[in-house]
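Q: My questions are about this predicted structure, shown below with the sequence.
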Amino acid sequence: MPDNDVIIYQPIFILFVAFSLVLTWGYFRGKRQNKELSASAFEDLVRVFKPDDQQFTNIGGAIGYHANLLIKSKKARLSRVDATITMLPRHSLLYLPISKLIRKYDRLFVELYLKKRPGEEAHLLEKEYARFSGTKITNKHKLSVESVEWEGMDFDLFFESEQMRQKLMDFITHNPHPRGIRHLALVPEQNKCFVFLIPKKGEVGKTLSPVYARLASLV
């Protein structure tokens, strides 16, 4: 039987212990970072939309949460907001590099339930995100498309009428900083506005506030 005192001084054993300590440190650090990001995002959602009731659900351990915000005010433009955040597995140092290649970034999907039905379908879709995610627009064949630069990023505008095209251009003019927005969609069939964005800690409110403020001008 090998002498235990000899084994613990072997380089391979020391490396194994050091590696385990790094993984353990990474687990708690990454878990804390994801928790802080999701908490920041949901606090911003509540601050922007001011719901009367809210529910938050964990849907994926350290990497996913879902929020339901109910808005009862008769004056509000929305009746409900649903949001799902999925994050990189920062708690797994071994899988994180692979996930960054596959998923690339954290994601926040926001569904805005509109009280007023949009007049027509429209999209603001960032080209690089569309290529990476393979985003498909169901009614693309019915829509006109035009390229536009939005703070250094290339977006496609999808619209049915010149009036909606102008509304989208005005939206960009009055909101010159898209921040994390990669796709904004108005879908009359579902009476919803969808927003996909890359969430940053402390940035979600700054991103969504202008969208909410200008929403009435789009529908």
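A: Okay, I see it. Numbering: from 1, shown residues only.
Q: need the strands for this structure, in chain order.
A: Assigned by DSSP state E, the strands in the chain fall at 53-58, 64-70, 78-86, 107-114, 122-126, 144-150, 153-159, 181-187, 192-197.
Q: What segments of the chain are helices?
A: Ranges of helices in the chain, per DSSP state H, are 4-7, 11-49, 96-102, 127-133, 162-174, 204-218.
Q: and the angle from the last one to strand 192-197?
A: For helix 204-218 and strand 192-197, the angle between their directions (axes from the mean of the first three to the mean of the last three C-alpha atoms, to 10 degrees) works out to 150 degrees.
Q: Take the strands of the chain and write them to TSV, including mean pLDDT, mean neighbour count and distance to Val22.
A: No exception for glycine: its C-beta is placed from N, CA and C like everyone else's. Formatted as TSV, the strands of the chain follow (pLDDT from 0 to 100; neighbours: other C-beta atoms under 10 Å; distance: least, C-beta to C-beta, whole Å):
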stretch	mean pLDDT	mean neighbour count	distance to Val22
strand 53-58	94	12	26
strand 64-70	96	19	25
strand 78-86	97	19	25
strand 107-114	97	21	27
strand 122-126	97	23	36
strand 144-150	96	12	41
strand 153-159	96	20	36
strand 181-187	97	22	33
strand 192-197	97	20	32
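Q: Check the helices of the chain for me and report the most buried one.
A: Of all the helices of the chain, helix 204-218 has the most neighbours on average by mean count of other C-beta atoms under 10 Å, namely a mean of 18.
Q: Report the backbone C-alpha coordinates of it in CSV.
A: Provided in CSV are the C-alpha atoms of helix 204-218 (Å, rounded to 0.1, in the frame of the first residue of the first chain):
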residue,chain,number,x,y,z
VAL,A,204,-32.1,46.3,-18.8
GLY,A,205,-34.2,49.2,-17.4
LYS,A,206,-32.2,51.7,-19.6
THR,A,207,-32.9,49.5,-22.6
LEU,A,208,-36.6,48.8,-22.0
SER,A,209,-37.7,52.3,-20.7
PRO,A,210,-37.4,54.0,-24.1
VAL,A,211,-39.2,51.0,-25.8
TYR,A,212,-42.1,51.3,-23.4
ALA,A,213,-42.2,55.1,-23.7
ARG,A,214,-42.4,54.9,-27.5
LEU,A,215,-44.6,51.9,-27.7
ALA,A,216,-47.8,53.9,-28.3
SER,A,217,-46.2,55.5,-31.3
LEU,A,218,-45.7,52.1,-33.0
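Q: between it and strand 181-187, how big is the angle?
A: Using the same axes, to 10 degrees, helix 204-218 lies at 30 degrees relative to strand 181-187.
Q: which residues touch helix 204-218?
A: Helix 204-218 is contacted by residues 40-41, 44-45, 47-49, 77, 108, 110, 112, 114, 118, 122, 167-168, 170-171, 174-175, 177-181, 184, 186, 193, 195, 197 when judged by C-beta atoms under 8 Å, 6 or more residues apart in numbering.
Q: now with 7 Å?
A: If you take C-beta atoms under 7 Å, 6 or more residues apart in numbering as the criterion, helix 204-218 is touched by 40-41, 44-45, 47-49, 77, 108, 110, 167, 170-171, 174-175, 179-181, 184, 186, 193, 195, 197.
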